[in-house]
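> below is the sequence, then the predicted model.
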Amino acid sequence: MPETVFIRTFGCQMNLADSDLIRSMLAGDGYRMTDDESVADIVLLNTCAVRENAVGKIMNHLDALKGRKRARPGLLVGVIGCVPQYYREKMFDMSEVIDFLGGPDSYRHLSSLIDAAREGRRSADLEFVPDETYADIEPWRSGRISAFLPVMRGCNNMCAFCVVPFTRGRERSRPQQSVLDEVKRLSLAGYREVTLLGQNVNSYMDHASGTSFAGLLEQVSQAAPGMRIRFTTSHPKDISRSLVEVIARYSNVCNALHLPVQSGSSRMLDIMNRGHDRSEYLERIAMIRELVPGIALSTDLIAGFCGETEADHHETLSLLEEVRYDYAYTFYYSVRPGTSAASRLEDSVPLDEKKRRLSEIIELQNRISSEQFAGDIGRELDVLAESESKRSSRQLMGRSDTNRVVVFDRGAFNPGNEVRVRIDAATSATLIGSPVKS
Ligand code: SAM
Ligand code: SF4
Ligand code: F3S
């Protein structure tokens, strides 16, 4: 009987995509995948270290696995991804249930780590492999409509607060031909949407051909004209006019851009080492909106970074009013040992104050999101249906080209259909409508 593997994924879309690569490689090595943790012989936790509470969640899960391990003596537990890469071998001391550790560049060797653990050896593979992109691995595909496609891995930026350069290593890009081949396969298999992924997709570079991300996006768009093309994440300092022109020129490249700003204060942006100030960011936003009117923008924000004053915080609030994002993913600052902020700056804003600033940001953004979404009432939008809505099988949930979530009466439609929907109502996170009769 082949051994069964269950993978629980924490963290960002890169981790979700990695879990599908791992499923494919382990299935190739003869393991059977399961969605039921209780029957698994091997449990893998694919982990995130970006904030302290992300690590806390994993520690809680490891605690919960203690009982399961007692009840099922042969059960092996592997911790993989960003947390073991960050804590290295000392992770073994953090929980006795861990049998093996694997960093983000170790996934080709997971079955050897499992074999060693079966022989009673606790081992770790935490080496960075500078050119590893897993380009030759066809991922396991959990969905049938929308797929993630990592085009680059790692990050060469050194934002003062961030662990990612330490957990993912140096930037490397996948060869453009392997990206195009995978997009064509997805299109032939009936996928309707692909999201090109990277921590900083704008610094994609195929060194052999000199193709930049703008060039790659254009080729992907041409290779799969029937598919929607999305991408994330874009770093504001690297967003080029030529990239925005590709979004404007190709109708299948979605009109939505995630452009994390982190703070509205130039002083904070400098301390964070983001490589641009407030006015440069706003100039980019103006260029984007001039070339792609109606584009939906989203962002990430950190409240209470080292040395942030009330005046800096108010600059963040005023930036939200000025840009009017659709969404903001908001966090309060969490010190990450090993980052430059942790070693050279004081975590000066008390936790209560960080939380107060964060709640002001969330409250303001919720109001702006509601206003942005209400602007779609009365409009007709093309919605790619993804699934039944959570509330009722008589409704479908999908997304507009601008990445807004739309719930609509199902009629004769199914997930995977693109449906013209008239918007009748809106909340701060969802549009509600009905299909337009043609
Ligand atoms: N590469 C993307 C970029 O440049 O914006 C984002 C990567 S990070 C995985 C996602 C978000 O987590 C960041 O944009 C930032 O807002 C947040 N983040 C990263 N480190 C953090 C920290 N130490 N405390 C709180 N939030 C943090
Ligand atoms: Fe982290 Fe900055 Fe790299 Fe984004 S660009 S992953 S925030 S270091
Ligand atoms: Fe977390 Fe690693 Fe992604 S630290 S956000 S899972 S790259």
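Arrived safely, thanks for sending. Ligands and ions are numbered 1, 2, ... in the order given.

> find the closest residue to ligand 3 in the stretch 51-200 of the chain.
residue 82 (3.3 Å; C-beta to the nearest ligand atom). No exception for glycine: its C-beta is placed from N, CA and C like everyone else's.

> not counting its neighbours along the chain, what's nearest that residue?
residue 167 (3.7 Å; C-beta to C-beta, 6 or more residues apart in numbering).

> contact residues of the protein facing ligand 3?
11-12, 14-15, 48-50, 81-82, 163-164, 167-168 (C-beta under 6 Å from any ligand atom).

> rewinding a little: next one: the residue nearest to residue 82, what pLDDT does it get?
For residue 167, the pLDDT comes out at 97.

> restricting to C-alpha, output the one helix or strand it maps to in CSV.
Element membership of residue 167, judged by DSSP states H and E, is helix 164-168. C-alpha atoms of helix 164-168 as CSV (Å, rounded to 0.1, in the frame of the first residue of the first chain):
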residue,chain,number,x,y,z
VAL,A,164,11.1,36.9,2.7
PRO,A,165,14.6,37.4,1.3
PHE,A,166,15.9,35.2,4.1
THR,A,167,13.2,32.5,3.7
ARG,A,168,13.1,32.3,-0.1
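
> so what strands line up beside the helix or strand just after that helix?
Downstream of helix 164-168, the next assigned helix or strand under DSSP H and E is strand 172-173. Using DSSP bridges, the strands paired with strand 172-173 are strand 152-153 (antiparallel).

> quick one: the partner strand near ligand 1?
No. Judged by C-beta under 6 Å from any ligand atom, strand 152-153 stays clear of ligand 1, getting no closer than 11.1 Å.

> also stretch 164-174?
Yes. Applying C-beta under 6 Å from any ligand atom, one finds stretch 164-174 touching ligand 1 at residue 164.

> any idea how far apart the tips of that stretch sit?
End-to-end distance for stretch 164-174, by C-alpha to C-alpha, to the nearest Å: 19 Å.

> could you report the neighbour count for the residue of the stretch 251-400 of the chain found nearest ligand 3?
Residue nearest to ligand 3 within the stretch 251-400 of the chain (C-beta to the nearest ligand atom): residue 336, separated by 9.3 Å. For residue 336, the neighbour count with other C-beta atoms under 10 Å is 21.

> so for it, what's the pLDDT?
Per the predicted model, pLDDT is 97 at residue 336.

> give me every residue that touches it.
Residue 336 is in contact with 49, 50, 51, 52, 161, 162, 163, 342, counting by C-beta atoms under 8 Å, 6 or more residues apart in numbering.

> only whichever of these are buried, select them in PyMOL.
A single PyMOL command suffices to select whichever of the contacts of residue 336 are buried according to 16 or more other C-beta atoms under 10 Å:
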select buried, resi 49+50+51+161+162+163
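
> can you put the contacts of residue 336 in CSV and add pLDDT?
CSV is the format used below for the contacts of residue 336 (pLDDT from 0 to 100):
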residue, pLDDT
49, 96
50, 96
51, 95
52, 92
161, 98
162, 98
163, 97
342, 97
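
> end to end, how far does stretch 234-241 reach?
13 Å.

> nope, stretch 235-253 is what I meant
With C-alpha to C-alpha, one end of stretch 235-253 sits 18 Å from the other.

> repeat that for stretch 90-99.
End to end - C-alpha to C-alpha - stretch 90-99 spans 13 Å.

> ditto for stretch 296-311
Note: stretch 296-311 ends 28 Å apart using C-alpha to C-alpha.

> in it, what's buried?
296, 297, 298, 299, 301, 302, 303, 304, 305, 306, 308.

> do the same with stretch 385-398
Buried, per 16+ other C-beta under 10 Å, within stretch 385-398: 385, 386, 388, 389, 395, 396, 397, 398.

> for the fifth one, what are phi and psi?
It refers to residue 395. The phi/psi pair for residue 395 (degrees, to the nearest 10) reads phi -130, psi 150.

> ok, now which ones touch it?
By C-beta under 8 Å, 6+ apart, the contact list for residue 395 reads 388, 389, 407, 408, 409, 410.

> can you tell me the closest non-neighbouring residue to it?
For residue 395, ignoring the flanking residues on the chain, the nearest one in space by C-beta to C-beta, 6+ apart is residue 389 at 3.9 Å.

> ok, the third one next?
Distance criterion C-beta to C-beta, 6+ apart; nearest residue to residue 388, sequence neighbours excluded, is residue 396 at 6.2 Å.

> A strand includes the one you found, no?
Yes. Under the criterion used here (DSSP: H, G, I helix; E, B strand; the rest coil), residue 396 sits inside a strand.

> which strand residues bridge it?
residue 388, residue 408.

> which ones are touching it?
Counting by C-beta under 8 Å, 6+ apart, residue 396 has contacts 385, 386, 387, 388, 389, 407, 408, 410, 413, 414, 415, 419.

> what do you get if the cut-off is 10 Å, keeping everything else the same?
Taking C-beta atoms under 10 Å, 6 or more residues apart in numbering, we find residue 396 in contact with 383, 385-389, 406-411, 413-415, 417, 419, 421, 435.

> swap in residue 215?
Residue 215 sits next to 176, 204, 205, 206, 209, 242, 243, 246 when contact means C-beta under 10 Å, 6+ apart.

> ok, now residue 196?
Residue 196 neighbours (C-beta under 10 Å, 6+ apart): 148-152, 174, 179, 183, 204, 213, 216-217, 220, 229-232.

> need the next SSE after the lowest-mean-pLDDT helix or strand in the chain, C-terminal direction.
Scoring the helices and strands of the chain by mean pLDDT, DSSP states H and E places helix 52-71 at the bottom, with a mean of 91. Of the helices and strands lying after helix 52-71 in sequence (DSSP H and E), the nearest is strand 76-81.
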